[in-house]
Structures are given as C-alpha cells and as structure tokens.
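1. no sequence on hand, only this structure:
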C-alpha cells in the first residue's frame, strides 16, 4: 500500500491553509457537494433521505468550500428553506455540537474543585483520587474507538443517542458511589459513554465542512465548548458551598438529560445512507489500517495527543498546586481556572477569525507548540526554586500563557489531520480522540508521583509532552518538505456503489 493512502479518503489538502477545491466530476452517490448552496444542499439531502438515488454520472452542483449541508430527518421531506431559516438551523446545530464537545470539560472540570474533598470523604490518598480522572479519560479514549466506526456504519444519530443515555445513568451512579473503587469504575463507564459526544461531533463537522472552513468551525466550537471550562469549576465551587462532592454529579446528570433531549429533537442525521460503510468489521479494520499507515495523519494525531497531555497535566494537577501548595480556596481556584479558559477561547477565536486562511496552519501550530514549551519551562524553573520563592501570581501567569496557546494548537492539529480523510471521518475522529485521551490518561497519575507539596512533576510532564509533540510534528509531518499532489482513482465494490481511493503523493523521503 503506498504511503499516505487512506481507503475511502479524499485528496489531502495543502497545509498552507487554502481551501481544497472539489474535484470536477461526479460525487459519491446520493451525496450533496460539500459546501453547496443552501438550496442545493437541502435538495440533495432530501433526495438521499427519501431514497432517491443520485446516479454516479450526475454532476454535483458547483460548490464553495465550507458551507454546511445538513440532511433532514430520514423519510420526512422538508420544504426548501429560506436563507434565514437555514442560518438559524446552522446556528442551532453549531450550538448542539458545541454542547457535545463540552462533555469532557463538564465531566472533568466541574469535579476538579471537589478533588480534595473526595480525598477526605472517601479516606483515600490524592494519587488514588486522581485515578477517577484517569478512569474517565481512559473511558473517553477507548469509547471513541468503538463509537467512531459505529457512526460510520449506522449514521451519527443512533450511536450518539445511545451513548448519551448510558452517560446519564453512569453519572447518576457516580453520585451514589460508596467507595473510591466504585467511583473509579463508574467514572470509567461515564467516560466510555460520554465519548460519543466528542467523536461524533468531530465526525459531523467533517461531514459538513472542508478546508479552511473546517479549521474555522473548530475554532468556533472552541468558543462554545470553551465556555464549559470557564463556568464548570465556578459552578463546581458554588455547588460545594451548599452540598458535598456528590452534588456535582447530580448537576452533571441533569445537564446530560437536557443535552439528550436537545439532540433527540433538533440534531439531524448528517451522514447519508449512501455514505455509510456496510462492510462490517473487515471494512472498519481496513479503514483503520489505512489511517495508521498514513505517516502525516499519524504525525498530526500524535502531535495533538501529546499537546493534549500537557493540557491534561494542568487539569489534573492544578487543583492541588493552586489549593494545597499556594493555599487558595476552591472558589479562587475556580476563578483562576476560568480566566485561563477565557484565554484559550480568545486565542482560539483569533485563530479562526484572523489567522486561518492568512497563515499556514502548520506555522500557527508550530508557534503554539513553541509558546507552550516556553511556558512549561518557566513553570519548571519556578517550581525548582531557580527564581527563589515565587507566589501564586507568577505561576498563574505562566499557566495562563500555556492554556491560551492551546487555542491554536488543538483546533489546528484536528483540522490538519481530518483534512486527509473524507469518507472515514468517524474512524479518523476516533483515532484522534483515542490517542489524545490515552496519552492524557497516562500523564494524569504522573503529575502526582512526588506528592501534593510540589509542582515539579506537573511542569516536567508538560514540558516533556510538548517536546515529544514537536518531535512528532517535525519527524512525521515534515511540513517544510511536503507538497500536495493528488492522484485520484475510483473503484467499486462496496454496497454504496463507489468508493474513492486517494493516493497522496509528495516529497516523501
């Protein structure tokens, strides 16, 4: 198999940030052109939903990359909406996807101010309590490997609704956990089920967007989902004023119920039946193998995963660093965490509104990694006492810069990786999410190896993870030495009638 070949994938795009133009000729059967005009996209979606086949020789309407095409409910014809209605629908879908991507920060960050209280209430050391974060993170990682390919086969809605339902049950059981062991087990199930929201939200974005528009949309999602880490610790801190740590999970259960209701009523299916994989486990493994052997895709995946590990080292260790070492209250910690999240959101919007389309995504990603590395180095030097006794303000400033830089690293690495796939978006999203969460789960317990009285392990994990991310980016992606020339061949043999095999050629060495 040629290097860079992904079964069922679309041609890779240049990493200069320019949108990829759709190739002339027919699209996949029953699939509206990505970025078609609102009327054309809805009309094509209606044809697919009502079972009308679009012949492989029928030309897809000319497209402009980036505009969403949302399919209607299967079997239910829709009238052609006006532009205002379509904009409202697009905004609602954006808000729903933002809510789904907010599942991890809600499940993790609202619980953070309660970690010291859980240590006391369940009579267990801090390192064991941190395993509740690790279990949830590992569950989110493994769950994506299962749910991502499921969504490629059965569509996005059904796996998403099932996952949200199980998430609600598991979260309610966390509130009733009598021991730390049962809490860890329920958090694992909570992560497994909650992963549906993350992996399917990314796949839906890939269904609807391409090129620069996809990178911009990920930045928009960061604006919406970024509200979660701002308000979640604040809500968690206020909940602890009136109840104990179990009340945090009660609130999370209520939020899960509300999200399930909105998804059930308002989120349409975005993967047409003709686009779904029907070859069973064999086809899934074939797609996964193609992704795993794409050096550039894996480069972005691993680079993003280790960057996420630096972020999760902060998430896991900061409650103890800020509250135990520097004596801040849970409310002060929540405020600082919220300020850092605001920095991430603001930089994410600068990325989406200003940088994307003007500066190479690879260059922006590289600069973001550099800033994270400098911030982690400063934290390590302060933790080692190189600058003498430092207070909370310098440490908080370094953490703010580190968190803010994540606003350009995380969305851009996701967009760069997903630009290399088209018809295996669920599987690609699963690999992206699984690598990030598994690496983060490994980093979580490492930040507590030296106890609760030093921030050195946190800084060491952050710096190491960032340097490994940079090494993966340089060694595997080689952005300075890759041109994108596309050779496309079409073959048949799947139940959908066609499958696109794309070989990405470039200056590979």
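-> Nice, thanks for sending it over. Here the structure is a predicted model, which is why all the values come from computation and not from measurement. Numbering: from 1, shown residues only.

2. quick one: buried residues of stretch 122-136?
-> 122, 124, 126, 128, 129, 130, 131, 132, 133, 134, 135, 136 (16 or more other CB atoms under 10 Å). To be clear about C-beta, it is placed using only N, CA and C from the backbone, and glycine gets the same treatment.

3. go on, stretch 396-408?
-> Quick answer for stretch 396-408 (16+ other CB under 10 Å): 396, 398, 399, 400, 401, 402, 403, 404, 405, 406, 407, 408.

4. nearest to residue 380, of the residues you listed?
-> residue 398 (9.6 Å; CB to CB).

5. roughly how far is the host helix or strand of the closest one from the heart of the chain?
-> Using DSSP states H and E, residue 398 maps to helix 392-418. Centroid displacement of helix 392-418 relative to its chain, using CA atoms, centre = their mean, to the nearest Å, is 14 Å.

6. with stretch 445-454 instead?
-> On CA atoms, centre = their mean, the centre of stretch 445-454 falls 27 Å from the chain's centre.

7. which strand or helix spans residue 150?
-> helix 126-154.

8. swap in residue 186?
-> Per DSSP H and E: helix 180-208 holds residue 186.

9. which regions of the stretch 1-150 of the chain sit below the pLDDT cut-off?
-> Low-confidence segments of the stretch 1-150 of the chain, defined by pLDDT under 70: 1-89.

10. below-threshold pLDDT in the stretch 151-300 of the chain: ranges please.
-> For the stretch 151-300 of the chain, the stretches with pLDDT under 70 are 225-226, 229-230, 279-281.

11. switch to 50 and redo it
-> Judged against pLDDT under 50, the stretch 151-300 of the chain has no low-scoring part.

12. contacts for stretch 90-107?
-> Here stretch 90-107 makes contact (CB atoms under 8 Å, 6 or more residues apart in numbering) with 68, 70, 136, 140, 160, 167, 171, 190-191, 194, 197-198, 200-202, 204-205, 217, 220-221, 223-225, 227-229, 232, 252, 255, 259, 262-263, 266-268.

13. which of the residues you listed are buried?
-> Buried, going by 16+ other CB under 10 Å: 68, 70, 136, 140, 160, 167, 171, 190-191, 194, 197-198, 200-202, 204-205, 217, 220-221, 223-225, 227-229, 232, 252, 255, 259, 263, 267-268, out of the contacts of stretch 90-107.

14. any idea how far residue 474 is from residue 445?
-> Using CB to CB, to the nearest Å, residue 445 is found at 28 Å from residue 474.

15. what of residue 311?
-> Distance from residue 311 to residue 474, by CB to CB: 20 Å.

16. and these two? Which one has more around it.
-> residue 311 (22 against 15; other CB atoms under 10 Å).

17. for the more buried one, which non-adjacent residue is closest in space?
-> Spatial nearest neighbour of residue 311, chain neighbours left out: residue 406 (5.4 Å); criterion: CB to CB, 6 or more residues apart in numbering.

18. do the same with residue 284
-> Nearest to residue 284 is residue 149, by CB to CB, 6+ apart, at 4.4 Å.

19. tell me how many other residues crowd residue 158.
-> Counted with other CB under 10 Å, residue 158 comes out at 13.

20. can you pull the contacts of it?
-> By CB under 8 Å, 6+ apart, residue 158 has no neighbours at all.

21. next, give phi and psi for it.
-> Main-chain torsions, residue 158, degrees, to the nearest 10: phi -60, psi -50.

22. re earlier: isn't the residue nearest to residue 311 right up against residue 344?
-> Yes - using CB atoms under 8 Å, residue 406 is in contact with residue 344, at 5.3 Å.

23. returning to that earlier point: just checking, what packs against the helix or strand just after the helix holding residue 398?
-> Scanning forward in sequence from helix 392-418 by DSSP H and E, the next helix or strand is helix 425-446. Under the contact criterion of 3 or more CB pairs under 8 Å, 6 or more residues apart in numbering; DSSP states H and E, helix 425-446 touches helix 126-154, helix 180-208, helix 280-292, helix 295-320, helix 392-418, helix 456-472.

24. out of those helices, which gets nearest to residue 328?
-> For residue 328, the closest of the helices and strands packed on helix 425-446 is helix 392-418, at 6.5 Å, according to CB to CB.

25. what inclination does that closest one have with respect to helix 425-446?
-> Interaxial angle, helix 392-418 versus helix 425-446 (axes from the mean of the first three to the mean of the last three CA atoms, to 10 degrees): 150 degrees.

26. which other helices and strands contact helix 392-418?
-> helix 180-208, helix 211-225, helix 295-320, helix 330-350, helix 361-383, helix 425-446.

27. swap in 6 Å and give it another go.
-> Judged by 3 or more CB pairs under 6 Å, 6 or more residues apart in numbering; DSSP states H and E, helix 392-418 is in contact with helix 211-225, helix 295-320, helix 330-350, helix 361-383.

28. how near is residue 241 to residue 120?
-> Distance from residue 241 to residue 120, by CB to CB: 16 Å.

29. where's residue 239, which helix or strand?
-> Judged by DSSP H and E, residue 239 forms part of helix 227-242.

30. surely residue 455 touches residue 321?
-> Yes - taking CB atoms under 6 Å as the definition, residue 455 is a contact partner of residue 321 at 4.6 Å.

31. residues contacting residue 260?
-> residue 164 (CB atoms under 6 Å, 6 or more residues apart in numbering).

32. kindly report the same for residue 462.
-> Here residue 462 is in contact with 310, 313, 376 (CB under 6 Å, 6+ apart).

33. tell me the least confident of those?
-> Within these, the minimum per-residue pLDDT falls on residue 313 (88).

34. check which helices and strands the helix holding residue 186 sits against.
-> Right, helix 180-208 is packed against helix 83-101, helix 103-109, helix 126-154, helix 157-175, helix 425-446 by 3+ CB pairs under 6 Å, 6+ apart.

35. now distance to residue 293 too, for the ones you listed, in CSV please.
-> As requested, those are arranged in CSV below (distance: least, CB to CB, whole Å):
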stretch, distance to residue 293
helix 83-101, 28
helix 103-109, 28
helix 126-154, 17
helix 157-175, 26
helix 425-446, 12
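
36. roughly how far apart are the nearest residue to residue 336 once chain neighbours are set aside and residue 128?
-> Nearest non-adjacent residue to residue 336, counting by CB to CB, 6+ apart: residue 396, 5.5 Å away. Distance, residue 396 to residue 128, by CB to CB: 27 Å.

37. cool, and residue 248?
-> 18 Å.

38. over to residue 176?
-> From residue 176 to residue 128 the distance is 19 Å (CB to CB).

39. do residue 193 as well
-> 23 Å.

40. residue 340 now?
-> The value you get for residue 340 to residue 128, if CB to CB is used, is 26 Å.

41. ok, now residue 184?
-> Distance from residue 184 to residue 128, by CB to CB: 8 Å.

42. same deal with residue 306?
-> 25 Å.

43. for residue 295, same thing?
-> 39 Å.

44. still on that earlier bit, wait, doesn't the residue nearest to residue 284 sit right on residue 427?
-> Yes - at 5.1 Å, residue 149 counts as touching residue 427 under the criterion of CB under 6 Å.

45. for the nearest residue to residue 331 once chain neighbours are set aside, give me its contacts.
-> Spatially, and ignoring its direct neighbours in sequence, residue 331 is nearest to residue 237 (4.7 Å; CB to CB, 6+ apart). Counting by CB under 6 Å, 6+ apart, residue 237 touches 113, 330, 331, 334.
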